[in-house]
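# I'll drop the sequence and a predicted model, then ask my questions.
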Amino acid sequence: MSYRKANIWKTADWITILLYLVMVAAGWFSICGASYDYDSLGWFNPSGRPGSQLVWISLSFVLVFIIMMLESDFYNVFSYIIYALIILLLIATIFLAPDIKGSHSWLVFGPLRLQPAEFAKFATALAIAKLMSSYGFNLTKSRDFLIILALIFLPLLCILLQKETGSALVFLAFFFVLYREGMTGYVLLTGLCAMTFFVISTKYSDVVSGITPLGELITLSIIQAMLIVLTYIKQRGSLLLNILLGIVAASLLIAYVVSLFIPVNFVWAVIGMILASSCYLIFLSIKQWVWHHLLVILFAALSVGFLYSVDYVFDEMLEPHQQMRIKVTLGLEDDPGGAGYNVNQSKIAIGSGGLTGKGFLNGTQTKLKYVPEQDTDFIFCTVGEEEGFLGASAVLVLFAVFIIRLINLAEKQKTVFARVYGYSVASIFFFHLLINIGMVTGITPVIGIPLPFFSYGGSSLWGFTILLFIFLRLDASRKER
Amino acid sequence: MKTNQKYTLESRRYIIIGAVILSALIFIIRLFYLQIVDGEYKQWADSNAFLKKTLYPSRGMIYDRNGQLLVYNQPAYDVMLIMREIQPFDTLDFCQTVGITKAQFDKRITDIKNRRLNPGYSSYVPQVFMNQLSAQDYGVLQEKLYKFPGFYIQNRTLREYEYANAAHLLGNIGEVNKQDIERDNYYVQSDYSGRSGVERSYENVLRGEKGVEILLRDAHGRTQGKYEDGRHDVNPVSGKNLTLSVDIDLQAYGEMLMQNKIGSIVMIEPSTGEILCMVSAPSFNPGMLVGRQRGRNHALLEKDPLNPLFDRTLMGIYPPGSTFKPAMGLVYLQEGVISEDTYYSCSYGYPVLGGKPACHGHASPLSLIPAISTSCNSYFCWGLRDMLDSRRRYSSVQEGLDIWKDHLVSMGYGYRLGVDLPGEKAGYIPNSKTYDKIYNGRWSSSTIISVAIGQGEILATPLQICNISAEIANRGYFYTPHIVSRIQDNDLDTMYTNRRYTTVERSHYESIAAGMRSAVTSGTCRGAALPDIAVCGKTGTAENPHGKDHSLFMGFAPYEQPKAAIAVLVENAGFGATYAVPIAKLMLQKYFSGEIAPENKYLEERIVNTVLLPKNVLNVL
């Protein structure tokens, strides 16, 4: 026994553990800064936030110890059971959790509050790793792919029902893993395009030049450009490219000539281009028997369909506060007292930090309690204000190094199980970083998810610690063998 | 091919790593822009910061049905302080100005800083130091305020009551608690909201909308004027005024009659469902629950053994006694158990069960109208027997009882009526399952005979009893009783403007109304008769296991085109005829004539001077 224990700590990846410790420590100091007040309770008093975070941190070290002491096979063998238990807990939470500011995601045990959604991440990662490592699994088989989707969307839906949209969206991070494991890149590309189209068409939906709505025009032009690029990637015939570019030039010329006599909606010109290009590609695919062209047309058709359903989705399917957040982010709505207030205050706090910051505990914006949720979702404001551009960039670099380290570790794994799990861990951290920093700096809409290791809260710290250290445990036994 | 594919998949890691690096770069560029290129944000924070000052709207006022102002606002002033801005000042002068001692001052400061008592404390944010300063103290403090840096005055409004009546209906306002804040994010600590009565049920209409003034202040906390000349300020929207259907004079008169008694008077206008008065005795002066003495007075009222805070008109549940008989008659008629000409015998009691329940001396056998008029117990016991025990009509006694219950529920018994006041009780009408449980499935009309005369399990609120009377006055329908007849700029909920028909036909109501008219002309409630108005009524006596029986009366007037329905309940007063009937008579006369006729003055005096309180309470007093 003692032999094995010694081995584990020796083979563990200490660089990652060190990065973890640095981030947890930096996070704790940020919480001190965010909740600091001249006459506050002191940092070690457990009824203040820094004090209670310290309790959570100590307890997570206990968790680390337990996780590292367990057999690495334990996680493989029990992955489905853990997943099933967490799903049951998520479902129970929907019904048992009291309404806390509109969300039903917290289980309350006396003074203790736990958010089961934070633990669903590692459970889902385990289940996906287990399934993908099973014999004969093939992601390109539609049956296997559907099972994977079910595994991802089951917890996602449960958390949506708890009215925690942010935590639910985190599960989309698993698509990075699927991409690495062989899912076609078009899925990610489609997601990216959908987001771009959504942003552009919503942002410019009311901007009109002449009688041409600019949002539509730009989006449709992008679709046409994508169409050309996608075709060109597959078949680098200069003739093909010339014909497609010719169609574009012809459409624009006709539209321009006509516009000299009557006002023209240039959207029709671009729709004309897309139709003409599609017809030409259909002709080619029949003639040369190339399926790829049909896929490109399908992409164009779906994109156009998406563009024209955006308004419907936006108006009918999103809640008013979500619409407001999106509009504020896109700069369509100026609402400093409401949805925009948070982001505005957050930007002021970060912006006031300057190059070197105001110094630890000297931030005035965060201390005046202008920034809401300043020690949870908006913790990065405190970093930006007190440590300035240098400190905030250092935190970002730290995260980037950490995530890249995890990806490289995952690639080194000898078992599919460990590799998929490792990629899941990296993807989840990446997604959190993307959404959280994007929100705080006003790039993405306000979606409330914590910044790993920095945001105040026991559930999220524990969730991320478990997520990370199960991977480090799996990695440690790789070297053991 | 296989290895080739594996290779391409492995190379995908570079795309993911690229995405990570790209995102981090974008963020760093964004930070560079925010923190270094764009000086605007820095300027904002360095010299300017927002101070959001809440502008409180004035709460809606409340009028009675004749436009008399009942409740309005008076200004009050809270003393606020921002701990961090306090500089040395003359504490004694301050204490004298606001009328507290130095010790109280020190304790208050410690309490504000104590995070256990005041969890949202921050030395940068205004805290309530003292609330509801009087206008005089405010005047003096306002002049000296420049001497006390860190102290501010926040304007508030308090409620002022024009009359010392209708405390239960009007309700009162008080500071919001933690749950209120969690449930509705409109509220913040130390806001006020309606705690009872109309103040509570119409809180959302009365409160209006808070406004906000965004001020700028520098790093030292000094305000530097309005942010962008007040372009982002929001003006408060005043609350809407309410008009109650209550006649305040009638209400006050009812409260006078009920002094030193326990009970209720409810009057409803049958043609609209509007409540004309709603007296719950004992009552209290609503002005007691305003201002700084609110807490102390509330505790006093809570400790009072007569429980004056309890609104007996809709929270008190009583056996309706004989006032239940008209409803029973209606069910029998509708189900064809009896007709107006069905005769039953009575021999000083219900013959089937050896003279129990007992009855008093009257002609026998008798038909429906005289049975209501003389309040014959046996008649309604016979009716229940013919309804439940004959297997020709229903396959089982259970089915019969459930049909009976359905009719009663349609009349407004057994469930909350939905009055626009908080705390309404449902009363109780048993169903067959209840009796199956008690009697193990073996029971008949004889087992449950007391329900026939409104005793046993039956329970109703005085409001429900009055509502039945309104429904008989309307001959078969009622409007959900309501206390607010008009909301400024808003329509009344359709729940209060739609008729609710019962499951009993209109023609049957004529028979019952005739019976109730006969009770006043020649039966048990002759005492309710008025010379110029055809009063209809029904007395009742509710058995009280804890002491003397409760005296009840329900009725309406006039017989044709009724204008008012009434229910009176006096606890511990014995027979219905003794107290409930004369009180009803006086209330009806007051309502129809506006004053009491000289020949009834002795009656008024007798009622006002009567004390009907339980012995143990009297001893305490």
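All right, it came through fine.

# Against residue A:272, how distant is residue A:54?
With distances defined as Cβ to Cβ, to the nearest Å, the gap from residue A:54 to residue A:272 amounts to 65 Å. For glycine as for every other residue, the C-beta is placed from the backbone atoms N, C-alpha and C.

# just residue B:608 next, same as before
In this structure, residue B:608 and residue A:272 are separated by 93 Å, where distance is defined by Cβ to Cβ.

# and residue B:452, what does it touch?
Each residue near residue B:452 by Cβ atoms under 8 Å, 6 or more residues apart in numbering or on different chains is listed here: B:328, B:377, B:380-381, B:383-384, B:445.

# Between all of these, which two are at the greatest distance?
Maximum pairwise distance in those, criterion Cβ to Cβ, is 13.6 Å, between B:377 and B:445.

# Bridge partners for the residue of the stretch 451-600 of chain B found nearest chain A, pull those for me.
Among the residues of the stretch 451-600 of chain B, residue B:490 lies closest to chain A, at 22.3 Å counting by Cβ to the nearest Cβ. According to DSSP bridges, the partner residues bridging residue B:490 are residue B:487.

# per-residue confidence at residue 405?
Chain wasn't specified; assuming chain A. Looking at residue A:405, its pLDDT stands at 95.

# wait, chain B
You'll see residue B:405 listed with a pLDDT of 94.

# neighbours around residue B:12, how many?
By the criterion of other Cβ atoms under 10 Å in any protein chain shown, residue B:12 has 16 neighbours.

# any idea which element it lies in?
Counting by DSSP states H and E, the element that carries residue B:12 is helix B:2-32.

# tell me, which of the contacts of residue B:452 make contact with chain A?
By Cβ under 8 Å from any Cβ of the partner chain, no member of those lies near chain A.

# pLDDT and secondary structure for the residues you listed - can I get that in JSON lines?
Formatted as JSON lines, the contacts of residue B:452 follow (pLDDT from 0 to 100; DSSP: H, G, I helix; E, B strand; the rest coil):
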{"residue": "B:328", "pLDDT": "93", "secondary structure": "helix"}
{"residue": "B:377", "pLDDT": "91", "secondary structure": "helix"}
{"residue": "B:380", "pLDDT": "93", "secondary structure": "helix"}
{"residue": "B:381", "pLDDT": "93", "secondary structure": "helix"}
{"residue": "B:383", "pLDDT": "93", "secondary structure": "helix"}
{"residue": "B:384", "pLDDT": "93", "secondary structure": "helix"}
{"residue": "B:445", "pLDDT": "89", "secondary structure": "coil"}
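
# what's near enough to touch residue B:166?
Contact analysis of residue B:166 by Cβ under 8 Å, 6+ apart lists B:70, B:246, B:248, B:251-252, B:255, B:278, B:286.

# how far away is it from chain A?
When distance is defined by Cβ to the nearest Cβ, to the nearest Å, residue B:166 is 35 Å away from chain A.

# Now do that residue against residue B:483, distance only.
Per Cβ to Cβ, residue B:166 is found 10 Å from residue B:483.

# Need the overlap of contacts for the two.
Counting by Cβ under 8 Å, 6+ apart, the shared contacts of residue B:166 and residue B:483 are B:246, B:278.
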